[in-house]
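>>> I'd like to go over a predicted model; first the sequence, then the structure.
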Amino acid sequence: MDTPATSHIDKIRQQFTRQAEAYEAVPIVTDPAFLNYIVSISGVGTNDRVLDVASGPGFVAMAFAPHCREVVGIDATDRFIERARAEAERRKLANVAFQSGLAESLPLPDGAFDLAVCRFAFHHFLNPSAVLSEMRRVVRSGGRLVVVDMVASEDPAKAAYHNEIERLCDPSHARALPASEFERMFAAERLEITYRQTVHSAYGLKEWLAHGAPPPDRTARIYEMLEASLLEDKCGLSVRRENGEIHFSHVGASYVLRKSA
């Protein structure tokens, strides 16, 4: 019998199996400058073992490979794992491995890694606190976690409106969290924030829709909701019209966390 969690994992697998190539084409996913930024803030060392949680097409894991001893990427979607393995082989990266697994119950031993990274995935998790707890578990005492994701408005109504738009585009979207909720989770896991930064990523609506490829009725509803936000901020996404096209901006947060002894 399906549970909400298994049904949601099925949604993730269906969406990213169908849209693997389109997701990989989103500029911010492959942007070398952004990948280098994640590596640069992580404090990674040449002898470190690194875990990339919800690794998707593997670009984060591969960005870390030249800077550490070993990288393991873990993802629930087989299509992503296949593509990541093929790309790592093409790049001749011998210290990168990809395996299947769920972020909520990582099939890995306690304290096995020096660093765990998760980029652009927390908004897909039904139970983000469980994922954070698992990331903490598999990192050694004194090790580090890096979490990078979009954040929602601190206004609950705007956050709900934003999340509805996201789910219309991509049914595997669970919920973008406000920054305050991330930071409460970090505190509950006794993770010290050693670095935080907020950035804005701008999108044209047509470009953004390509990553989810929603059907026409959902696309029409997204346009309707964002058009309404041109007159009054309903979602905290800085919706605007540029050269006749709707644009908006995601707010992204980057955190580096230290696991205390």
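Alright, I've got the coordinates. Residues are numbered from 1 along each chain as shown.
>>> Backbone dihedrals for residue 115, please?
Residue 115 adopts backbone torsions of phi -150, psi 130, taken as degrees, to the nearest 10.
>>> Residue 254 now?
Backbone phi and psi, for residue 254 under degrees, to the nearest 10, turn out to be phi -120, psi 130.
>>> again with the one 5 residues further on
Reported as degrees, to the nearest 10, the phi and psi values for residue 259 are phi -80, psi 120.
>>> got the contact list for it?
Contacts for residue 259 were tallied using CB atoms under 8 Å, 6 or more residues apart in numbering; they are 136, 139, 140, 141, 142, 143, 144, 145, 190, 191. C-beta here means a position set from N, CA and C on the backbone, and glycine is covered the same way.
>>> contacts for whichever strand or helix holds residue 206?
Secondary structure from DSSP states H and E places residue 206 in helix 205-212. Residues outside helix 205-212 that contact it (CB under 8 Å, 6+ apart): 15, 19, 22-23, 25-26, 169-170, 219, 222-223, 226, 245-248.
>>> what ranges do the helices span in the stretch 101-250 of the chain?
With helices called from DSSP state H, counting those that start in this stretch, the stretch 101-250 of the chain shows them at 128-138, 156-169, 179-188, 205-212, 216-231.
>>> for the last one, packing partners?
Same thing as helix 216-231. Secondary-structure packing of helix 216-231 (3 or more CB pairs under 8 Å, 6 or more residues apart in numbering; DSSP states H and E): helix 156-169, helix 205-212, strand 245-259.
>>> Go again with 6 Å.
Counting contacts by 3 or more CB pairs under 6 Å, 6 or more residues apart in numbering; DSSP states H and E, helix 216-231 packs against helix 156-169.
>>> could you check the angle helix 205-212 makes with the helix it packs on?
Angle of helix 156-169 versus helix 205-212, following axes from the mean of the first three to the mean of the last three CA atoms, to 10 degrees, is 60 degrees.
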